[in-house]
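# Dropping a prediction and its sequence here:
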Amino acid sequence: MRASGEHARVNRATVSRRALLGTGVAAGAFTMVPRHVLGGAGQTPPSEKLNIAGVGIGGQGGSDLREVSSENIVALCDVDWVYAGKTFKQYHKAKPYRDFRVMFEKQKNIDAVVVGTPDHIHAIVSMAAIKLGKHVYCEKPLTRTVYEARALAKAARAAKVATQMGNQGMAFEGNRLINEWLWDGAIGAVRDVHAWSDRPTHSGKPPLYWAQGIERPKDTPVIPETLDWDLWLGPAPHRPYHPAYAPFRWRGWWDFGSGGLGDMGIHNLAPVWSALKLGAPLSVEASSTLCNNETLPLASTVHYEFAARDDMPAVRLHWYDGGIAPARPPELEPDRELSREDGLLFVGDKGTLYVEGWGGNSPRLIPEAKMQAYQRPPKTLPRSIGHHQEWLQACKEGTPTRSNFSDFAGPLTEAVLLGTVCVRLGGQRLVWDSENLKVTNLPQANRYLHYEYRQGWTL
């Protein structure tokens, strides 16, 4: 009853404002105001609050909702109401659901959706929302498969809705500084980049964030009464419930996640993509610890080749995870440690840029004496109002977001997941035909670009 009453109040307020804007008096009063201020097709006027739904709200999705709680949180969806209980309690006036398809069918006042489910559910929820003309914020990686990433980018472009992937580092000041310094020629032409994360380890020490390099468990525990296991599986192939998968341990399993590369690779490679204006790779090859058909290996290295772009030369990108790190750069001072957790090294013709931490937040030229001598260029890129706030503003005013599905998040996710395909195949070099979305030199690799959804699930 609480939810119904709140929805009624929200709807009446929304209708009255929109009705006012439709009258002759309102139109005359605002004739000199830009259309986006009034709210055009598919836009909500800045003066109004968005009606937002959350799907997958027990973990990161709940955190994302808190970032957009200045708006109306009108619907909440999760397959485990106990695990997500804190978020349901926090927004107790929102209508609760277990199945997002039922939510979209029954609740018509939703303007935008925040998706915080496991990776294998990202694409189908986001696509359903986009087809209904709703704005979407989706956690990273954008999708579980290469094909889904391409399909979602295409759909978002056609629907012209506001989208943002949850790689929050795109709002960091350091992310913009990396762009401006490299474009200023701070280290000359960049020909090699090294990026790494220690995931799934935690600073190289046990316990793991999630398990990798293991086989499927053989025991079949009872499904918790609070969990709808069939809905949790969604489009993924059926398997018996086990706590090895849910709630958070799913990230290392091929059917549900994409390991350290899909997780932190999206964060740490984003500033590389933006600064070096990368698109689709020409090829990818890899090496790893032992790999099986159930989980990603404990550690891997992935090597991408990219063609020259505009005035930028061809570049090689090297990824390391699971505790593997690149060789120590000779420019780094003897008493200075190279981060074992997350980092970036841009290697140019005239020097090296070291980025310590995830998402590109702390760039420095090395050695430090070179940083101190560097005359920084003007700040030419717009500064962020906040990663989630960018998306809210885009929903209302049609302004751009830095990690939108069509131009950035989709292509980045495609390339990252192509790396996981390469790892799964034992690291064999894959030659990539981006236009036709296929591997040309190893046809068997194409079967891992997507999979057949379970009956009842569609993209």
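Ah, there it is.
# Tell me how far the closest residue to residue 342 other than its chain neighbours lies from residue 319.
Closest residue to residue 342 apart from its sequence neighbours, by C-beta to C-beta, 6 or more residues apart in numbering: residue 358 at 4.0 Å. All C-beta atoms are positioned from the backbone trio N, CA, C, and that covers glycine. Counting by C-beta to C-beta, to the nearest Å, the separation of residue 358 from residue 319 is 14 Å.
# What is the helix or strand hosting residue 137 packed up against?
Using DSSP states H and E, residue 137 maps to strand 135-139. Applying 3 or more C-beta pairs under 8 Å, 6 or more residues apart in numbering; DSSP states H and E, one finds that strand 135-139 makes contact with helix 60-67, strand 112-115, helix 119-131, strand 163-166, helix 387-397.
# average pLDDT for it?
On average, the pLDDT along strand 135-139 is 98.
# More neighbours: residue 358 and residue 319, which one.
residue 319 (28 against 22; other C-beta atoms under 10 Å).
# returning to that earlier point: okay if I get the helices and strands packed on strand 135-139 as CSV plus distance to residue 76, mean neighbour count and mean pLDDT?
Listed next are the helices and strands packed on strand 135-139 as CSV, based on distance: least, C-beta to C-beta, whole Å; neighbours: other C-beta atoms under 10 Å; pLDDT from 0 to 100:
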stretch, distance to residue 76, mean neighbour count, mean pLDDT
helix 60-67, 8, 20, 97
strand 112-115, 10, 27, 98
helix 119-131, 13, 24, 98
strand 163-166, 18, 30, 98
helix 387-397, 17, 22, 98
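# got these as a markdown table, with distance to residue 78 columns?
Formatted as a markdown table, the helices and strands packed on strand 135-139 follow (distance: least, C-beta to C-beta, whole Å):
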| stretch | distance to residue 78 |
| --- | --- |
| helix 60-67 | 8 |
| strand 112-115 | 12 |
| helix 119-131 | 11 |
| strand 163-166 | 17 |
| helix 387-397 | 20 |
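# Which among the ones you listed is found nearest to residue 411?
For residue 411, the closest of the helices and strands packed on strand 135-139 is strand 163-166, at 11.1 Å, according to C-beta to C-beta.
# domain parsing for the chain?
Residue ranges for each domain of the chain read 2-168, 171-448, as given by automatic domain parsing.
# With distance to residue 454 added, can I get these in CSV?
Compiled in CSV, the domains of the chain are given as follows (distance: least, C-beta to C-beta, whole Å):
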stretch, distance to residue 454
domain 2-168, 11
domain 171-448, 6
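# Which one of those domains lies nearest to residue 457?
Ranking the domains of the chain by proximity to residue 457 (C-beta to C-beta) places domain 171-448 first, at 3.8 Å.
# Centre of the chain to the closest one, how far?
The chain centroid and the centroid of domain 171-448 are separated by 10 Å under C-alpha atoms, centre = their mean, to the nearest Å.
# how long is that domain end to end?
Using C-alpha to C-alpha, to the nearest Å, the end-to-end distance of domain 171-448 comes to 32 Å.
# Start at 14, not 1
In the new count, where the first residue is 14, that last one comes out as domain 184-461.
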